[in-house]
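>>> Below are the sequence and a predicted model; questions follow.
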Amino acid sequence: EVQLVESGGGLVQPGGSLRLSCAASGFTFSGYVMNWVRQAPGKGLEWISGISTDGGNTYYLDSVKGRFTISRDNAKNTLYLEMNTLKPEDTAVYYCAAKRAGDASYDYWGQGTRVTVSS
């Protein structure tokens, strides 16, 4: 059974930090491009970051560039998102999603972890 399980969300003050994790199982994690996608309250899904299969290439939405860092540990089948200098507009449910390189759609999704940035 394929599983992507996110953790690490919570309530944080503006300017604070959080580290999200996504534990993968049931598929060959190292063979998939991994992504973080978020959904703010009342809004649609928004891709925010991706990382190549070997971790050598990373990609970011402009609004999180310089504040968020994506990484992966293929030995542990785990994806990470380090989030710094958090803003209220970062409030969302954060999902990890897996897809094969070159594919347009995602193959697997996690259940999401909620991040709330508020004083």
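Perfect, I can see it now. Since we're looking at a predicted model, the values are computed, not measured. Numbering: from 1, shown residues only.
>>> For this structure, which segments count as helices?
Using DSSP state H, the chain contains no helices.
>>> residue contacts, the residue nearest to the spatial centre of it?
In the chain, the C-alpha nearest the mean C-alpha coordinate belongs to residue 36, at 2.7 Å (CA atoms, centre = their mean). By CB atoms under 8 Å, 6 or more residues apart in numbering, the contact list for residue 36 reads 20, 22, 47-50, 68, 70, 79, 81, 94-97. The way it works is simple: take the backbone N, C-alpha and C, and place the C-beta from them, glycine included.
>>> Make a ChimeraX selection of the buried ones in these.
To isolate the buried ones among the contacts of residue 36 in ChimeraX, judged by 16 or more other CB atoms under 10 Å, type:
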select :20,22,48,49,50,68,70,79,81,94,95,96,97
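>>> which of the contacts of residue 36 lies closest to residue 30?
Nearest to residue 30 out of the contacts of residue 36 is residue 79 (CB to CB; 11.3 Å).
>>> about what we covered before: and which of the contacts of residue 36 is nearest residue 117?
Among those, and counting by CB to CB, the member closest to residue 117 is residue 94, at 11.7 Å.
>>> ok so, going back, okay, the residue nearest to the centre of the chain: pLDDT?
Listed pLDDT for residue 36 reads 98.
>>> who's it bridged to?
residue 49, residue 96 (DSSP bridges).
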